[in-house]
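Engineer: pasted the sequence and its predicted model underneath.
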Amino acid sequence: MQLIIITGPPAVGKMTVGMSLADITGFKLFHNHLSIELVNKFFDHGTPAFRRLDKLIRFSFFEEIAASNLPGLIFTYVWAFDDPDDTTYVDEIFQVFQKHGAEVSVVELCADLDTRLVRNRGADRLRLKPSKQDVKSSEKWLLEGELKYRMKSSETEISEKNILSINNNSLTPRQVASEIAKRLNLCASTSST
């Protein structure tokens, strides 16, 4: 079992790269909005009930998947590296998978703000993430998060967590996924298309 956590700021392309990586590897994709959108139908984002249920859903899936015979899982997550709660959360995910002998890797995607603002309006993002369909609100949240959080790892975090960092500013999701598969030895088929 392998767990690949794809992290990066909002609208950097985590889900679309994850979909391409799932196509290449056969791994299942749990993009973070699978649980967010479900819980958001009942509770506002960020409320205590929302956070509790979102974590319960995710970690229930993680436990079952980690104990299964699936070859791998791709999980996407916006990680605020300057928020100790986020780092604890990621450590808890690591623990779930590592106790079952899984290999865990983190891939950090980076792109400039202008590129991310364009991607924030992307068709897949709007189709698969209903909470992002109010583009003005989504863009406001993206810009506020840019000022409030550090969503780029530091050198010490890279060595500590074995983070693979890729600037996907001008690469297609398939090219990025192929590079991830190649650099993490996930499969033989790593051609860029």
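Structural biologist: Happy to help now that I have it. Numbers count the residues shown, from 1 in each chain.
Engineer: list the strands paired with the top strand by length along the chain, with their directions.
Structural biologist: Taking DSSP state E as the criterion, the chain has its longest strand at strand 103-110. Applying DSSP bridges, strand 103-110 is found paired with strand 2-7 (parallel), strand 163-167 (parallel).
Engineer: average pLDDT for the shortest one?
Structural biologist: Pointing back at strand 163-167 there. In this model, strand 163-167 has an average pLDDT of 92.
Engineer: please apply the same query to stretch 16-34.
Structural biologist: The average pLDDT within stretch 16-34 is 96.
Engineer: can you name the next helix or strand after the longest strand of the chain?
Structural biologist: Going down the chain from strand 103-110, the next helix or strand is helix 113-119, by DSSP states H and E.
Engineer: output the helix or strand following that next one as CSV, nothing but the C-alphas.
Structural biologist: Counting by DSSP H and E, the next helix or strand C-terminal to helix 113-119 is helix 123-128. Only the C-alpha atoms of helix 123-128 are listed here, as CSV (Å, rounded to 0.1, in the frame of the first residue of the first chain):
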residue,chain,number,x,y,z
ALA,A,123,-14.5,23.3,-15.3
ASP,A,124,-13.5,20.2,-13.2
ARG,A,125,-13.1,22.4,-10.1
LEU,A,126,-16.6,23.9,-10.5
ARG,A,127,-18.2,20.6,-11.5
LEU,A,128,-16.8,18.5,-8.7
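Engineer: so which bits of helix 123-128 are buried?
Structural biologist: Under the neighbour-count criterion of 16 or more other C-beta atoms under 10 Å, helix 123-128 has 125, 128 buried. All C-beta spots, glycine's among them, are computed from the backbone N, C-alpha and C.
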